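> Any chance you could fold what I've pasted below:
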Amino acid sequence: MTGEKVDFQAAAEAAQENATEDRAKRERSAIDFPYISLEGATEVARAIYARCGFGSCDQDELAAQMNQTLSGAFRMKTGAAKIFGLVEKDGRSAFRLSEIGKRIVSAETEQSAKVDAFLCVPLYQQIYDRFRGRNLPPAKALEREMETMGVPRKQTDRARQAFEKSAQYAGFSDSGKDRLVRPRMESPYSSPGVEASLSPTPSVQEVEGRRRGVGNGGGYEPPDIDPIIRGLIDRLPPSGTNWPKSKRKLWLQILENSFDLVYEGDDGIDP
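This is a model prediction of the structure:
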């Protein structure tokens with residue numbers, strides 16, 4: 001019995017040592033980066049907008065809107081949305097759209113918001129700064145660069161894949177996958193830190209010019225349609241194309257939230 005006790009003690013000590021070693025092997029990242037691409041993170045922002053508009057959205061509601069449970073995959077997506085600067089925590093268990101998030105759900109400011117969201121990621125900003133005006137290294141060499149920036153070695157492959165997909169989605173790879181070139185934006189909201197509304201606000205001169213029918217050869221669209229609504233209409237697919245019912249439902253939900261944002265009225269009272 002004494003020998004068995006000693007063996008048990010040794011086994012317990014060995015198990016404790018193995019557990020300690022396993023914990024030590026779990027490398028922690030020294031720099032923030034997502035495992036999900038920018039496109040996947042944008043789905044979170046669109047789901048918040050469809051469900052709650054610009055208000056607070058509890059994670060239970062958000063998971064239901066995304067047809068997910070409160071699983072690790074869900075937390076990975078919401079975590080990526082935070083790293084990209086699309087959402088902010090609101091209390092212990094809720095999210096709301098950030099300024100970049102508000103812009104990325106609007107067709108008129110979506111592209112510039114993608115650029116800003118991409119550069120919100122500390123790892124992506126470092127890579128952009130290091131290789132600005134130069135070719136990106138091959139995949140394995142880029143992973144080694146990421147490791148020097150603080151990405152754990154075992155995670156460099158996933159980090160690189162998310163980076164490449166995000167760069168393509170944000171337009172940084174339009175000049176070629178081996179280069180990282182910031183897209184040229186005509187929108188005035190392409191600079192980080194600019195608190196933009198969903199659509200550009202016309203100046204007093206522009207409004208007066210439109211009212212009198214002068215300026216730019218009369219080429220302005222009628223000002224009575226809000227740009228948010230017009231942007232949603234512009235996102236409609238061409239007639240006759242395949243449009244899944246889930247996408248139609250999401251579009252209608254966003255449109256309904258946009259009506260609440262744009263128009264005023266007493267609930268339940270029709271004129």
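
> Domain parsing of the chain, as residue ranges.
If you go by automatic domain parsing, the domain ranges for the chain are 38-98, 204-236+246-262.

> for the stretch 101-250 of the chain, what spans make up the strands?
In the stretch 101-250 of the chain, no segments count as strands under DSSP state E, counting those that start in this stretch.

> can you give me the helices for it?
Using DSSP state H, counting those that start in this stretch, the helices of the stretch 101-250 of the chain run over residues 110-120, 122-130, 139-149, 156-170, 204-212, 227-234, 245-262.

> Tell me which of these is the most buried.
helix 110-120 (a mean of 22; mean count of other Cβ atoms under 10 Å). No exception for glycine: its C-beta is placed from N, CA and C like everyone else's.

> Tabulate the CA atom coordinates of that helix in CSV.
In CSV, the C-alpha atoms belonging to helix 110-120 read as follows (Å, rounded to 0.1, in the frame of the first residue of the first chain):
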residue,chain,number,x,y,z
GLU,A,110,-18.7,51.7,-46.8
GLN,A,111,-15.5,51.7,-48.7
SER,A,112,-13.7,54.4,-46.7
ALA,A,113,-14.9,52.7,-43.5
LYS,A,114,-13.3,49.4,-44.7
VAL,A,115,-10.0,51.2,-45.2
ASP,A,116,-10.1,52.7,-41.7
ALA,A,117,-11.2,49.4,-40.2
PHE,A,118,-8.3,47.6,-41.8
LEU,A,119,-5.8,50.0,-40.4
CYS,A,120,-7.4,49.8,-36.9
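
> what's in contact with that helix?
By Cβ atoms under 8 Å, 6 or more residues apart in numbering, the list of residues contacting helix 110-120 from outside reads 38, 41-42, 83-86, 100-101, 103-104, 106, 124-125, 128, 166-167, 169-172, 182-183, 185, 187, 189-192.

> repeat that with 7 Å
Residues lying outside helix 110-120 but in contact with it, judged by Cβ atoms under 7 Å, 6 or more residues apart in numbering, are 38, 84-86, 100, 103-104, 124-125, 128, 166-167, 169-172, 182-183, 185, 187, 189-190, 192.

> Next: stretch 89-103.
45, 48-49, 54-59, 62, 78, 85-88, 109, 112-113, 116-117, 189, 195-196, 198.

> In PyMOL, select just the buried ones from the residues you listed.
Buried members of those, defined by 16 or more other Cβ atoms under 10 Å, are picked up in PyMOL with:
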select buried, resi 45+48+49+54+56+57+58+59+62+78+85+86+87+109+112+113+116+117+189+196+198
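
> can you list the weak-confidence ranges in this structure?
Scanning the chain for pLDDT under 70 picks out 1-27, 186-224, 240, 262, 265-271.

> re earlier: do you know which of the helices of the stretch 101-250 of the chain lies nearest residue 70?
Checking the helices of the stretch 101-250 of the chain against residue 70 by Cβ to Cβ gives helix 245-262 as the closest, at 20.7 Å.

> surely residue 170 meets residue 38?
Yes - with contact defined as Cβ atoms under 7 Å, residue 170 counts as touching residue 38 (5.8 Å).

> if we can go back for a sec, now the helices of the stretch 101-250 of the chain as a markdown table including distance to residue 70?
Output for these, formatted as a markdown table (distance: least, Cβ to Cβ, whole Å):
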| stretch | distance to residue 70 |
| --- | --- |
| helix 110-120 | 24 |
| helix 122-130 | 27 |
| helix 139-149 | 30 |
| helix 156-170 | 22 |
| helix 204-212 | 47 |
| helix 227-234 | 30 |
| helix 245-262 | 21 |
